[in-house]
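**Student:** Generate a structure from the sequence data that follows.
(chains A and B)
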Amino acid sequence: MEQVHLTIWQKGLLWLLYGLVILMVVFSVVAYFDKDYEGYHKCVQKKCERKGEAFCQKAREQQNCCLGAGGQLAQNNVGKFTCVFS
Amino acid sequence: MISWLTIVLFFVYCWGLGFSALSFVHKKPELRLEKFFVTIGVGLGIFPILVVLLNLVHIPLDWKIFLLLSMVWPIVVFGRKLYAKELAMPPFSFSFTKSELMLCGAVVIMLLSLFMYTKGAFAYPYLEDEDPWGHAVGSKYVALEKRAYDPVLKDQTRLDEVLAYIDPYPPGYDGLMGVLHQTSPDLNWTLKFFNALIISLGLLFFFLCTKEFVGDSGKALLAMLFLAMIPAYFSHFIWAHSYVVMLFFPAMYALVMIKQDKGWMWIGLIIIASIWVTQNIEEPIKLTTMMLLFVCVGSISATKFMRREFLAIAGGTLFSLLWWGAMVAKYGYRDFIRAFTGSNILVAEEGALESAVSSAVGATGQGSFIQKIGGIFTSLTSSGGTASRAYSFNDFFIARGENLINAPIGIGIVLFILTFVGIIWVLWHYRSRLVESKNTWLMVSLFWLIYTFWGVNGQTFLVSIARGPFRMWLLLAIPVVLLAMEGSYMLAGLMKKWNVPAILVFGVIIIGVLLTSGYQKYQVNTAMWPTSGAYVNSIEPFEYAAWFNSIPLNTKVFLYVPRDKLVIGLGGESCLWCQEVIDFRKDILHKDAVLLHTFLKQQGYEYLILNGNMDRKMFTTQFGANETEKLLPQRYEEIQKFGLFKPVYYKENMFVVMRVG
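**Tutor:** The predicted model follows:
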């Protein structure tokens, strides 16, 4: 393979690309382990903290959190939303 | 009702504007058909900023003015050539070059895509969800009032109380639709058809742009085919995103062409300005970021700063201040920022305002300069949005026949694998050669992929870098198809070593993508979509549409409840932005049948629609349950007994239409 002479900017760009690719992989792996009830709960909590209880208890927001955690939205005995995982 | 005249006019406006702009560049496509479509793309890229410019100087947004402006220069050029006896029919030949064949293929894909989108859009008679009804109102406003600034209304307490998609929302999309509606009386058809046409033309512009960017028409065609089949890239949902993302391709085409002819800088600048006045900041920011990535990566690869490309982006963004500057001047800096940081309250108590912008900490409050900037940045990269959520591996890997209707998600199994193969191949095969000038498109595609993938995962990853992750899927599709295309070519090259013909490999790949992405996209796009939550049940929208089809288009119809957008979207007319209508509606339940009749006669309404369930639901929100229960039956009885309202249509348990006598 022919040797390519790179400027410092080109080297920097290449390393930036490699760094970002690795970062994406790391982020994806971390996110992969968030796919359970814990992930759903964390997502709802975050929404509650940001926009209040009324917002985070909306069916749409609960559904988004549940789907994101890899579950299916359901209602428990007292009619509250919960996320179930097969 | 189809309007052939408007379809012709659409192409005349675009071609004329594009022709005028292209007269100032020397380097143009050589193929006639390619030149035609590039001209159309450039023309479409000029239209939004022209709307803003005319509006700014108070020239009416009238189709005749657009026709005149688009045809002046072509007529001058034609006249000159005629005078100089230089007019000659170009020779016609039946032999086709590879580029011509590929372009014909691209046109076929575009037409197939248009077929799919229009089939789905016209599968039901109403407009889907909520946004399209809002765009119907904006388009109607532009068509009738011929301007794109909000009307001056008294006692307005919220920005965008009446016209959600006009002022401060930039008017590029509604401006185009409004001008088209002036010659196409059926607004419902106009929105559905031209929205589908814009998305489909966008695929063709992607082909033309990729052809220049990658330098291979075969690769461009394959990438275009992938883009047409990937679920994540556009459904036929009616919204400004259809136009703004489409404009990205003519803009990129212009940026790529600057290297060959610096005159393209001006064309790029104008189209980028149009991007900024077509959708509400969010998508323009993302698209501008992608263009800046192109300039940065391209500059480093070429070891020379792409000055003109950068100037086109910066100049275009600044040029769009024709709109945004006027908005800041109109609403003031603080209210303007509020409008884009979650709270759009125009007149309210200061305390309420401050708490309402808590999502943008310090953006408009009393914080330090750094806090304010931080607040704005937080807001612009917020991973919220109605349909945004964390996405799992399966959301990317498996395309489903059921999907979001506005911003569908998913890539599909074969396309996903091809993309993965493409990424690995590009990183492994090219290595340091990735930063060579000739491989700029690969490097740019990788950076686009990282940016859009990160954006899509705003709720999954530790940091969000773009607002509204679910709307990022549209843009993620672009680098995905480019890298999947590269992966496909690598596989074809690999199989060649075992004497497997490339055509067979591509055939298998295309069938695989069709079965795992294209089919699912077709299912989603040709299904019956739900409509506005204003309707009480799922049969109502069909029954309303059936009745509206029985009266002449643009008849003035008054819904008892303030949902005039339903009238407008179904082909009727109602002046919901008129002060008289707004004032009357404020206290409508306290107005008896005589007052109602007098008002409707004065305003020229021909029909009144009463819907027990809808009226009760909406008035309960507006007047409270007790007052509604007390007054609504009383009003119904008065209207029934009052001789000047004549019932002309009745749907049991749904609605009754009264003619205003």
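**Student:** Spell out which parts of chain A neighbour chain B.
**Tutor:** A:4, A:6-7, A:9-10, A:12-14, A:17, A:20-21, A:24, A:27-28, A:30-32, A:34-35, A:39, A:43, A:50-51, A:60, A:64-65, A:67-70 (C-beta under 8 Å from any C-beta of the partner chain). Where you see a C-beta, it was placed from the backbone N, CA and C, and this is true even at glycine.
**Student:** Select only the buried ones of the residues you listed in PyMOL?
**Tutor:** A single PyMOL command is used to select the members of the residues of chain A next to chain B judged buried by 16 or more other C-beta atoms under 10 Å in any protein chain shown:
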select buried, chain A and resi 6+10+13+14+17+20+24+27+31+34+35+39+43+51+64+65+67+68+69+70
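**Student:** Inside helices: which ones of the residues of chain A next to chain B?
**Tutor:** A:9-10, A:12-14, A:17, A:20-21, A:24, A:27-28, A:30-32, A:39, A:43, A:50-51, A:60, A:64-65, A:67-68 (DSSP state H).
**Student:** For chain A, what's its nearest residue on chain B.
**Tutor:** Of all residues in chain B, the one sitting closest to chain A is B:Ala390 (2.9 Å; C-beta to the nearest C-beta).
**Student:** Next, that residue: secondary structure please.
**Tutor:** B:Ala390 carries the three-state label coil when classified by DSSP: H, G, I helix; E, B strand; the rest coil.
**Student:** Leaving out sequence neighbours, find the closest residue to it.
**Tutor:** A:Gly68 (2.9 Å; C-beta to C-beta, 6 or more residues apart in numbering or on different chains).
**Student:** That neighbour: what's it in contact with?
**Tutor:** For A:Gly68, the contacting residues are A:Gly39, A:Tyr40, A:Cys43, B:Arg389, B:Ala390, B:Tyr391, B:Ser392, B:Gln459, B:Thr460, by C-beta atoms under 8 Å, 6 or more residues apart in numbering or on different chains.
**Student:** burial of the spatially closest residue to B:Gln523 that is not a sequence neighbour, as a residue count?
**Tutor:** Excluding its sequence neighbours, the residue lying closest to B:Gln523 (C-beta to C-beta, 6+ apart) is B:Gly401, at 3.8 Å. Around B:Gly401 there are 12 other residues, counting by other C-beta atoms under 10 Å in any protein chain shown.
**Student:** where's B:Gly401 relative to B:Arg471, distance?
**Tutor:** As judged by C-beta to C-beta, to the nearest Å, B:Gly401 and B:Arg471 stand 22 Å apart.
**Student:** cool, B:Phe248 as well?
**Tutor:** B:Phe248 is 13 Å from B:Arg471, where distance means C-beta to C-beta.
**Student:** The two - which one has more neighbours?
**Tutor:** B:Phe248 (27 against 23).
**Student:** In contact with the residue nearest to that one when sequence neighbours are not counted, which residues?
**Tutor:** Excluding the flanking residues, the one nearest B:Phe248 by C-beta to C-beta, 6+ apart is B:Leu287, at 4.9 Å. Contacts for B:Leu287 (C-beta under 8 Å, 6+ apart) come out as B:Val244, B:Val245, B:Leu247, B:Phe248, B:Ala251, B:Ile275, B:Leu475.
**Student:** Just the local confidence number for residue 7, please.
**Tutor:** Assuming you mean chain A. A:Thr7 is assigned 93 on the pLDDT scale.
**Student:** Please refer instead to chain B.
**Tutor:** 98.
**Student:** quick one: which helix or strand includes it?
**Tutor:** Here B:Ile7 is covered by helix B:4-22, with elements defined by DSSP states H and E.
**Student:** cool, and A:Ala74?
**Tutor:** strand A:72-75.
**Student:** Could you report the neighbour count for B:Gly215?
**Tutor:** With other C-beta under 10 Å as criterion, B:Gly215 counts 12.
**Student:** measure it to B:Ile503 for me?
**Tutor:** According to C-beta to C-beta, B:Gly215 stands 21 Å off from B:Ile503.
**Student:** So for stretch B:80-100, first residue to last residue, what's the gap.
**Tutor:** End-to-end span of stretch B:80-100 (C-alpha to C-alpha, to the nearest Å): 30 Å.
**Student:** Please disregard the earlier target; I meant stretch A:78-86.
**Tutor:** Using C-alpha to C-alpha, first and last residues of stretch A:78-86 are 21 Å apart.
**Student:** What's the mean pLDDT across that stretch?
**Tutor:** Per-residue scores along stretch A:78-86 average to 83.
**Student:** returning to that earlier point: was I right to think the residue nearest to B:Gln523 contacts B:Asn525?
**Tutor:** No: if you go by C-beta atoms under 8 Å, B:Gly401 and B:Asn525 don't touch, sitting 10.3 Å apart.
**Student:** give me the low-pLDDT residue ranges for chain A?
**Tutor:** A:1-4 (pLDDT under 70).
**Student:** Might you name the residue of it sitting closest to chain B?
**Tutor:** Nearest to chain B in chain A, going by C-beta to the nearest C-beta, is A:Gly68, at a distance of 2.9 Å.
**Student:** list the contacts for the spatially most central residue of chain A?
**Tutor:** Nearest to the mean C-alpha position of chain A, counting by C-alpha atoms, centre = their mean, stands A:Ala31 at 5.2 Å. Residues in contact with A:Ala31 (C-beta under 8 Å, 6+ apart) are B:Ala390, B:Asn457, B:Thr460, B:Phe461.
**Student:** The first one - how many residues pack around it?
**Tutor:** For B:Ala390, the tally of surrounding residues (other C-beta under 10 Å) stands at 26.
**Student:** Isn't it up against A:Ala69?
**Tutor:** Yes: using C-beta under 8 Å, B:Ala390 is in contact with A:Ala69, at 6.9 Å.
**Student:** residues shared between the contacts of the two?
**Tutor:** Common neighbours of B:Ala390 and A:Ala69, using C-beta under 8 Å, 6+ apart, are A:Asp34, A:Gly39, A:Cys43.
**Student:** re earlier: show me which of the contacts of A:Gly68 is closest to B:Asn406.
**Tutor:** Distance to B:Asn406, by C-beta to C-beta, is smallest for B:Arg389 among the contacts of A:Gly68, at 13.8 Å.
**Student:** Quick check: closest non-adjacent residue to that closest one.
**Tutor:** In space, and not counting its chain neighbours, B:Arg389 is closest to A:Asn64: 3.6 Å by C-beta to C-beta, 6+ apart.
**Student:** Can you name the residues that contact the one you found?
**Tutor:** Residues in contact with A:Asn64 (C-beta under 8 Å, 6+ apart) are A:Cys43, B:Ala387, B:Ser388, B:Arg389, B:Ala390.
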